[in-house]
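J.: With the sequence up front, the predicted model follows.
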Protein chains: 2
Amino acid sequence: MPSTTRKNVLLVYAHPEPTSATRHLVEIAIQTLEAQGHTVMLSDLYGMGWKAVFDESDFPIRVNPERLAFIDESGHAYATGSQTPDVEQEQAKLRAADAIILLFPLWWFGMPAIMKGWIDRVWAFGLAYGYQGAGNTYRYGEGGFAGKRAMLAVTVGGPDIDYSARGINGPLEQLLFPITHGTLFFPGMQVLPTFATYNAARIDAGRMASIESAWRTSLRDLFDAAPIAFRTQNGGDYPDRHVLAEEVMPGRTGLEAHIKA
Amino acid sequence: MPSTTRKNVLLVYAHPEPTSATRHLVEIAIQTLEAQGHTVMLSDLYGMGWKAVFDESDFPIRVNPERLAFIDESGHAYATGSQTPDVEQEQAKLRAADAIILLFPLWWFGMPAIMKGWIDRVWAFGLAYGYQGAGNTYRYGEGGFAGKRAMLAVTVGGPDIDYSARGINGPLEQLLFPITHGTLFFPGMQVLPTFATYNAARIDAGRMASIESAWRTSLRDLFDAAPIAFRTQNGGDYPDRHVLAEEVMPGRTGLEAHIKA
C-alpha cells in the first residue's frame, strides 16, 4: 500500500525542449506527486542556465590560491560556507528532499554534460564524499544523503533489446551503475530501479499512454518500492572497506557482485 | 617492436591546474610522442573555454525551429555544414588523428562535465552515430572513426584495491565501459586498455618516476598494443545486430560478454 505521508521530492532534469519525452515525464511527475500531497521542488538545469563546468570560479575564497586541487577546495568551500550561491541552493533543496529523481536523455550511455556538471559541483567534499572529514569511513549506504531515496528516469533513443541482458549495448542498469551505485548510493541514498523509456524519439499516442501509466505507478511507489539491493560498505560484506569478503559470492567479479542476490 | 611510422595523435584533456597529475601526463605524452616523430594535436578543454552544454546554440540553422530534437538537428547541421566552428575544428582534428587519448580525472566514476560535453557536441549524428544515414548498420567496430585508435588515461583519487576485480567501487574497466565501448568503440575506434593512476592526489617523487615510466611505455605501444577485444556488431556475434548469438558465451550476461575471452 502506498505511503500516505507527505514528503518533499526534488526533480532534477536536463532537456531544453518543452515537448520532449523527458519534459513530459517531468510534467507527469509533478501532477502525480502533488496529487499525493507531496511537495515538489524543481531543478530545470537548462532553464536555470546551470553552469556545467567545475572550475576555479567555484571557489571564491581559496585555501590554496597557488594550486587548484578540487578536493581540497571543495572541502574548504563547503566547510567554511564559501560555496557559490547556485551550489548552496541545490544543496539546500537536497537537504529538504526525501527523494530525488534525475530525469535525462541517455547521451553516450550517460548523463548530458549539464547534469554531470550538477553532480560534479553540488556533490561537495564533506557532504557527498569525505563525509564528516572521515575519509571513506561513511560511504555506500551511509553519508551526507542517507535516508533519502533516488531514482533515475532516462529516455533512450534505441530499442530495449539493445539494453537487455545480452543486448549489444550492455544491460541498462549496468551501464548506469556509475550513477546509481557510484554517485547516488555512495553518499547514502537508497536507489530504486531505473525507469527507462526506449525508442524515445518515436512514441505514438498509444505507447505514450502506457508509458504514462507505468510512470505514475513508479511515482506512487517511490517511498515504498524495494531499492536496488546494493551492499553497504559497513554491513559486513567488505570487512576491510575495500574488497568483498571471500564468502560473498565466492569467485564472482564485476558490478553485479555488489548487489545482493 | 614499436611502429616507426609517423602518426597524428590528438590529446584531449580536462584539468585546469598546470601542476595536476592529469596535466603532467599530458606533458609526458607530448614529449614521448614527439620524440617518436609523431605529430601531436591538443584540445585543452579548460584552456579553450570549451562550451560543455549541448543546446540550441549548437544549431544556428534549424531544420525544425519549432521543436528542438537533438538527433535531427545534429544530423542536419553535420550534413549541411552548419555546425558551430568549435565543433567543426574538433572534428577536423579527429579526422586528422590516427589515435586520440582522453586524459581526465575520474569524477563520480566518469568524465568531468566539460569532457562529457565535448563528446555530446562533437560526436555528431551522421559521423559518430547514424553513420552514412544508415541507422545502426555501422557501429561497434565500424563507423565514422574506424581505423583510429583510442585510449583513456584517468587519474583516480582512490586506491587501486577499490577498483580491483572484487573492489567496492567495481572494476575500473567496467565502470568505464560506457566510454570505452559505448562512446569510442561504437563509432569504430580500437580502444586500448585504460592507463590508470590511482591515489592521484598523493604522488611522491619515487612513485611519480614509476608512473612516468609506465606511461611512456604505454605511449610507445600506442599503435602496437592489442586493443580491448570488444566484439564487432557485424562480425557474426550479433546475428540480428541487437543480441549476442546463443552460442557466444552461452548464458553469460553483463558487460564482459561483449569482450572476446
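T.: Ah, there it is. Source: prediction; values computed, not measured.
J.: Can you pull the phi/psi pair for residue A:210?
T.: Note on residue A:210: its backbone torsions stand at phi -80, psi -30 [degrees, to the nearest 10].
J.: Excluding sequence neighbours, find me the nearest residue to residue A:121.
T.: Spatial nearest neighbour of residue A:121, chain neighbours left out: residue A:54 (5.0 Å); criterion: CB to CB, 6 or more residues apart in numbering or on different chains. For the C-beta atoms, the positions are set from N, CA and C on the backbone; glycine is no exception.
J.: next one: residue A:130
T.: According to CB to CB, 6+ apart, the nearest residue to residue A:130 is residue A:75 (6.1 Å).
J.: which residues of chain A fall in helices?
T.: A:21-35, A:45-48, A:70-80, A:85-96, A:113-122, A:172-175, A:177-179, A:205-220 (DSSP state H).
J.: Now do the fifth one: which elements does it pack against?
T.: The criterion is 3 or more CB pairs under 8 Å, 6 or more residues apart in numbering or on different chains; DSSP states H and E, and the helices and strands that helix A:113-122 contacts are helix A:45-48, helix A:85-96, helix B:113-122.
J.: Return the most buried member of those.
T.: helix B:113-122 (a mean of 26; mean count of other CB atoms under 10 Å in any protein chain shown).
J.: Keeping just the C-alphas, turn that helix into CSV.
T.: Coordinates of each C-alpha in helix B:113-122 appear next as CSV, following Å, rounded to 0.1, in the frame of the first residue of the first chain:
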residue,chain,number,x,y,z
ALA,B,113,31.3,17.6,-17.4
ILE,B,114,33.5,19.6,-19.7
MET,B,115,34.7,16.4,-21.4
LYS,B,116,31.3,14.8,-21.5
GLY,B,117,30.2,18.0,-23.3
TRP,B,118,33.0,17.6,-25.8
ILE,B,119,31.6,14.1,-26.6
ASP,B,120,28.0,15.3,-26.6
ARG,B,121,28.7,18.1,-29.1
VAL,B,122,31.4,16.7,-31.3
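J.: how about the residue nearest to residue A:130, what does it touch?
T.: A:124, A:125, A:126, A:130, A:133 (CB atoms under 8 Å, 6 or more residues apart in numbering or on different chains).
J.: Same question for residue A:78.
T.: Counting by CB under 8 Å, 6+ apart, residue A:78 has contacts A:124, A:125, A:126, A:127.
J.: which pair in those spans the largest distance?
T.: A:125 and A:127 (7.3 Å; CB to CB).
J.: which residues in the stretch 151-261 of chain A form strands?
T.: A:190-191, A:195-197 (DSSP state E, counting those that start in this stretch).
J.: So which residues make contact with the longest one?
T.: If I follow you right, that is strand A:195-197. Against strand A:195-197 from outside (CB under 8 Å, 6+ apart): A:21, A:25, A:151-156, A:160, A:163, A:172, A:203, A:211, A:214-215, A:218.
J.: ok, now stretch A:123-140?
T.: Here stretch A:123-140 has contacts from A:71, A:74-75, A:77-79, A:83, A:87, A:91, A:122, A:142-145, A:181, A:183, A:185-188, A:230-234, A:241, B:108, B:158, B:168, using CB under 8 Å, 6+ apart.
J.: what's the answer for stretch A:250-261, then?
T.: A:174, A:177, A:181, A:228-231, A:244, A:248-249, B:165-166, B:168, B:170-171, B:174-175, B:254-256.
J.: run the last query once more with 7 Å
T.: A:174, A:177, A:181, A:228-231, A:244, A:249, B:165-166, B:170-171, B:174, B:254, B:256 (CB atoms under 7 Å, 6 or more residues apart in numbering or on different chains).
J.: In stretch A:187-200, which residues are buried?
T.: Along stretch A:187-200, these residues count as buried under the neighbour rule (16 or more other CB atoms under 10 Å in any protein chain shown): A:187-198, A:200.
J.: just stretch A:254-261 next, same as before
T.: Within stretch A:254-261, the residues that count as buried by 16+ other CB under 10 Å are A:254, A:255, A:256, A:257, A:258.
J.: any idea how far residue A:101 is from residue A:122?
T.: To residue A:101, residue A:122 is 15 Å away according to CB to CB, to the nearest Å.
J.: correction: residue A:207
T.: From residue A:207 to residue A:101 the distance is 21 Å (CB to CB).
J.: Of the contacts of stretch A:250-261 - the most surrounded one?
T.: Neighbour counts for the contacts of stretch A:250-261 (other CB atoms under 10 Å in any protein chain shown) peak at residue A:177, which has 29 neighbours.
J.: Next up, the contacts around that residue.
T.: Here residue A:177 is in contact with A:255, B:170 (CB under 7 Å, 6+ apart).
J.: What mean pLDDT does stretch A:139-148 get?
T.: Averaged over stretch A:139-148, pLDDT sits at 97.
J.: measure that stretch end to end?
T.: 14 Å (CA to CA, to the nearest Å).
J.: Can you give me the buried ones in that stretch?
T.: Buried residues in stretch A:139-148 (16+ other CB under 10 Å): A:139, A:140, A:141, A:142, A:143, A:144, A:145, A:148.
J.: How far off centre is stretch A:219-227?
T.: 15 Å (CA atoms, centre = their mean, to the nearest Å).
J.: can you list contacts of it?
T.: Here stretch A:219-227 makes contact (CB under 7 Å, 6+ apart) with A:2-3, A:7, A:29, A:32-33, A:36, A:99, A:149, A:151, A:190-192.
J.: Buried residues in it, which are they?
T.: Those would be A:219, A:220, A:222, A:223, A:227, for stretch A:219-227 by 16+ other CB under 10 Å.
J.: and the end-to-end length of it?
T.: First residue to last in stretch A:219-227 (CA to CA) measures 13 Å.
J.: do the same with stretch A:234-252
T.: Taking CA to CA, the first and last residues of stretch A:234-252 lie 20 Å apart.
J.: how about it: buried residues?
T.: A:237, A:238, A:242, A:243, A:244, A:248, A:249.
J.: which two in those residues are spaced the farthest apart?
T.: Distance extremes for the buried residues of stretch A:234-252: the farthest pair is A:242 and A:249 at 16.1 Å, using CB to CB.
J.: if we can go back for a sec, closest to chain B among the contacts of stretch A:219-227?
T.: residue A:191 (13.9 Å; CB to the nearest CB).
J.: Quick check: which ranges of chain A have low pLDDT?
T.: A:1-4 (pLDDT under 70).
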